[in-house]
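A.B. asks: sequence below, structure please.
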Amino acid sequence: MRKSILAALAGGIALFVLGFLIYGVVLAGFYAGNLGSATGVVREVPVWWALCVSQFGLAAVITYVAVHASVSSASEGLKMGAVFGLLFGVAIAFDLYAVTNWSNVTVAFVEPLVTAVRISLAGGVIGAVLGTAGDG
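C.D. replies: Predicted coordinates:
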């Protein structure tokens, strides 16, 4: 149990950092250029505590899946994370596209790939922690 908690914490930190780099730096212009007709939906400043809760919640879900898939290395975590991330990304991106005007259809097709990369990398971190020696 201790190892799972440490894996989820490490994964949450990885998701937070990757989210900043991917969404805030690398692809910020792409997302800004592909907004839908909704206005005023993006906050100027995030609600940081809520963002942290979401990242650690997602890391806990990924860790739960990793434990049940018997992931015990970074490479296994990368693979599991890529599959999980792609499927999760498809579900969320197309759901949001179907019921909101937040973004256009381009984002619905790109977001699952972005999510797959992000969750794959976090899955690698989680897998590495789960694979460490000691009680778990």
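
A.B. asks: how many neighbours does residue 85 have?
C.D. replies: By other CB atoms under 10 Å, 24 other residues sit near residue 85. In short, each C-beta sits where N, CA and C put it, glycine included.

A.B. asks: so it makes contact with residue 111?
C.D. replies: No - using CB atoms under 8 Å, residue 85 is not in contact with residue 111, being 10.5 Å away.

A.B. asks: send me the helix or strand bottoming out on mean pLDDT in the chain as CSV with only the CA atoms.
C.D. replies: Every helix and strand in the chain was compared by mean pLDDT, DSSP states H and E; the lowest is helix 28-33, with a mean of 93. The C-alpha trace of helix 28-33 is given here as CSV (Å, rounded to 0.1, in the frame of the first residue of the first chain):
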residue,chain,number,x,y,z
ALA,A,28,-0.7,26.8,-25.6
GLY,A,29,-0.9,28.5,-29.0
PHE,A,30,-2.6,25.4,-30.6
TYR,A,31,-5.3,25.3,-27.9
ALA,A,32,-5.8,29.1,-28.0
GLY,A,33,-6.2,28.9,-31.8
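
A.B. asks: and the next element down the chain from that helix?
C.D. replies: helix 48-68 (DSSP states H and E).

A.B. asks: list of residues touching that next one?
C.D. replies: Under the contact criterion CB atoms under 8 Å, 6 or more residues apart in numbering, helix 48-68 has outside partners 4, 7-12, 14-16, 19, 77, 80-81, 84, 119, 122-123, 126-127, 130.

A.B. asks: per-residue confidence averaged over it?
C.D. replies: Here helix 48-68 scores 97 as its mean pLDDT.

A.B. asks: again, but for stretch 108-127
C.D. replies: 98.

A.B. asks: which SSE is residue 70 in?
C.D. replies: For residue 70, there is no host helix or strand (DSSP H and E).
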